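Novice: the following comprises the amino acid sequence and a computationally predicted model.
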Amino acid sequence: MRIVTVVGNRPQFVKAAAVSRPLRARHEERLIHTGQHHDDALSAVFFRELDLPAPDVELALGGGSNLEQTARMIGALEPLVAEAEADAVLVYGDTNTTLAGALVAADLGVPLAHVEAGMRSFDRRMPEERNRVVTDHLAQLLLVPTPTAIRNLEREGLADRAVDVGDVMTDVTLLVHPSARERAGSWLAERGLAPGGYLLATAHRAGNVDDPDRLAALVDVLVAVGTSERPLVLPLHPRTAARLREHGEEERLRDAPGVRLLDPVGPLDFATLLVGADAVLTDSGGVQKEAYLAGVRCITLRDTTEWTETVQAGWNVLVDLNPQAAVDALATPAPAADARPPLFGDGRAGERVVAALERTFAT
Ligand code: UDP
């Protein structure tokens with residue numbers, strides 16, 4: 001089989017790391033990187049640390065509005081996918097890169113497979129939700145991470161194309177978290193952090209950082225929960241950093257005594273910060289799941305989540321941008337450490353993705 005994989009940003013590099021290795025063991029993969037994220041901190045470090053093969057083609061299509069960026073990606077991907085003569089195009093998640101890859105495959109009549117299919121927040125204001133829905137409806141093979149995703153696809157009449165392979169991010173987490181735990185003691189101490197003695201935060205969703213009022217509310221939450229005794233460590237996504245500067249909010253965050261700003265960190269350093277944290281505050285999808293897998297309670301800075309199982313299990317609380325709700329959630333103890341049913345697969349999702357591709361597309 002020849003598979004064209006299209007990736008472009010941080011969470012997609014993590015997901016592709018789980019699939020590329022088993023795929024390349026038996027098949028040919030052409031990896032196209034759209035460059036939606038292209039700097040070292042959001043891209044190259046993931047290839048290095050997660051042992052992801054270097055892209056065969058690396059474009060530089062970041063920046064611009066969602067629509068304009070997607071349009072540029074479509075234009076650039078069309079000839080690359082056409083000339084590859086692939087058995088299928090493989091896309092991941094819910095970004096502009098996902099949508100562009102899906103539209104190009106559909107238009108060229110190349111079969112499409114979607115990893116992390118079936119996730120829904122039921123909030124069509126989110127670009128990610130629109131990207132997922134369109135991609136799922138265009139794909140011939142829907143590789144889903146959870147039974148909830150299968151139920152979502154049933155409602156849209158798509159369940160007959162779905163295979164529950166488990167979560168590919170779990171594969172990577174199970175590899176990375178043991179090394180992170182091993183190095184955490186000294187790594188954290190060198191940075192003046194004590195295990196269990198700090199909070200970790202990430203925030204970059206358009207719905208939280210683009211609107212000035214929402215951005216101010218985000219800063220309110222972060223400033224309210226971080227204290228000198230239990231600091232909040234925030235590796236700052238470039239989008240968030242830019243919006244904070246634009247809207248004059250950077251100083252309020254930087255000067256808060258309980259907040260420590262960092263540049264974005266690579267996957268091993270992030271895992272190290274995660275496994276040592278008392279709790280995580282995030283609007284990321286992937287981080288909610290990683291927190292569950294690490295046994296760290298999560299406070300989600302949104303009013304919806306695609307990962308509803310983590311909420312039902314008692315490890316995740318949705319507080320949107322309400323400072324008091326965040327403070328209250330932090331005052332509530334985490335569930336017992338062993339009360340964590342295996343919700344996201346067994347770490348072998350990558351192999352199942354390859355097996356499903358073979359069953360569906362091998363000639
Ligand atoms: N991550 C990282 N460094 C950071 C922040 C996040 O390595 O400074 C990793 C995190 O472990 C997860 C992925 O990036 O695997 C999540 O990416 P992001 O939050 O950008 O995407 P989302 O999951 O929201 O689509």
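Specialist: Perfect, I can see it now.

Novice: now do the buried residues in stretch 31-40.
Specialist: Within stretch 31-40, the residues that count as buried by 16 or more other CB atoms under 10 Å are 31, 32, 33, 34, 35, 36, 37, 38. (Each C-beta comes from the backbone N, C-alpha and C, glycine too.)

Novice: stretch 71-90 now?
Specialist: Result for stretch 71-90 [16+ other CB under 10 Å]: buried residues 71-74, 76-77, 80-81, 84, 86-90.

Novice: pull the distance from that stretch to the chain's centre.
Specialist: Centroid displacement of stretch 71-90 relative to its chain, using CA atoms, centre = their mean, to the nearest Å, is 23 Å.

Novice: stretch 112-122 too?
Specialist: 13 Å.

Novice: pull the CA atoms of that stretch into PDB?
Specialist: C-alpha atoms of stretch 112-122 as PDB (Å, rounded to 0.1, in the frame of the first residue of the first chain):
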ATOM      1  CA  LEU A 112      -9.700   9.100   2.600                       C
ATOM      2  CA  ALA A 113      -9.100   7.700   6.100                       C
ATOM      3  CA  HIS A 114      -9.600   9.900   9.200                       C
ATOM      4  CA  VAL A 115      -7.800   9.200  12.500                       C
ATOM      5  CA  GLU A 116      -9.700  10.600  15.600                       C
ATOM      6  CA  ALA A 117     -13.000  10.500  13.700                       C
ATOM      7  CA  GLY A 118     -16.300  10.900  15.400                       C
ATOM      8  CA  MET A 119     -15.300  13.400  18.000                       C
ATOM      9  CA  ARG A 120     -18.000  16.100  18.600                       C
ATOM     10  CA  SER A 121     -18.300  19.100  20.800                       C
ATOM     11  CA  PHE A 122     -21.700  19.900  19.200                       C
END
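
Novice: before we move on, the earlier item: inside strands: which ones of the buried residues of stretch 31-40?
Specialist: Among these, the members falling in strands (DSSP state E) are 31, 32, 33.

Novice: how about the last one: what's its closest non-neighbour residue?
Specialist: Which is residue 33. Spatial nearest neighbour of residue 33, chain neighbours left out: residue 55 (3.8 Å); criterion: CB to CB, 6 or more residues apart in numbering.

Novice: what packs against the helix ranked longest in the chain?
Specialist: Using DSSP state H to define each element, the chain has its longest helix at helix 168-190. Contact analysis of helix 168-190 by 3 or more CB pairs under 8 Å, 6 or more residues apart in numbering; DSSP states H and E lists helix 10-26, helix 267-276, helix 285-294, helix 349-361 as its packing neighbours.

Novice: contacts for stretch 56-64 next, please.
Specialist: 8, 30-38, 69, 72-73, 76, 80 (CB atoms under 8 Å, 6 or more residues apart in numbering).

Novice: mind running it again at 7 Å?
Specialist: Stretch 56-64 is contacted from outside by 30-38, 69, 72-73, 76, 80, using CB atoms under 7 Å, 6 or more residues apart in numbering.

Novice: let me see the contact set for residue 319.
Specialist: 299, 300, 301, 325, 326, 329.

Novice: next one: the nearest residue to residue 347 once chain neighbours are set aside from residue 181, what distance?
Specialist: Spatial nearest neighbour of residue 347, excluding adjacent residues (CB to CB, 6+ apart): residue 174 at 4.0 Å. Distance, residue 174 to residue 181, by CB to CB, to the nearest Å: 12 Å.

Novice: go on, residue 290?
Specialist: 13 Å.

Novice: the more surrounded of those two?
Specialist: residue 290 (27 against 15; other CB atoms under 10 Å).

Novice: what does the protein put close to the ligand?
Specialist: 10-11, 14, 202, 235, 264-267, 270, 284-287, 290 (CB under 6 Å from any ligand atom).

Novice: now, which of those sits nearest residue 21?
Specialist: Nearest to residue 21, judged by CB to CB, of those is residue 14 at 13.1 Å.

Novice: thought the closest one was touching residue 171?
Specialist: No. Using CB atoms under 7 Å as the test, residue 14 is too far from residue 171 to be in contact (9.5 Å).

Novice: can you map out the helices along the stretch 51-200 of the chain?
Specialist: 66-84, 96-108, 127-138, 147-155, 168-190 (DSSP state H, counting those that start in this stretch).

Novice: contacts for the shortest one?
Specialist: Read that as helix 147-155. 117, 118, 119, 120, 136, 142, 144, 159, 162, 164, 308, 309.

Novice: residues contacting the fourth one?
Specialist: Going back to what we said before, that points to residue 120. With contact set as CB under 7 Å, 6+ apart, residue 120 has these partners: 129, 152, 306.

Novice: most neighbours, which of these?
Specialist: residue 306 (27 neighbours).

Novice: just to be sure, that residue is in a strand?
Specialist: No. Using DSSP: H, G, I helix; E, B strand; the rest coil, the secondary structure at residue 306 is coil, not a strand.

Novice: ok, and the closest non-adjacent residue to it?
Specialist: residue 119 is the one closest to residue 306 (CB to CB, 6+ apart), at 4.1 Å.

Novice: give me the number of residues near the one you found?
Specialist: Residue 119 has 23 nearby residues by other CB under 10 Å.

Novice: assess the claim that it and residue 133 are in contact.
Specialist: No. With contact defined as CB under 7 Å, residue 119 and residue 133 do not form a contacting pair (9.9 Å).

Novice: beta partners for the residue of the stretch 101-250 of the chain found nearest the ligand?
Specialist: Proximity to the ligand, evaluated over the stretch 101-250 of the chain using CB to the nearest ligand atom, is greatest for residue 235 at 3.5 Å. Legend: beta-bridge partners of residue 235 under DSSP bridges are residue 262.
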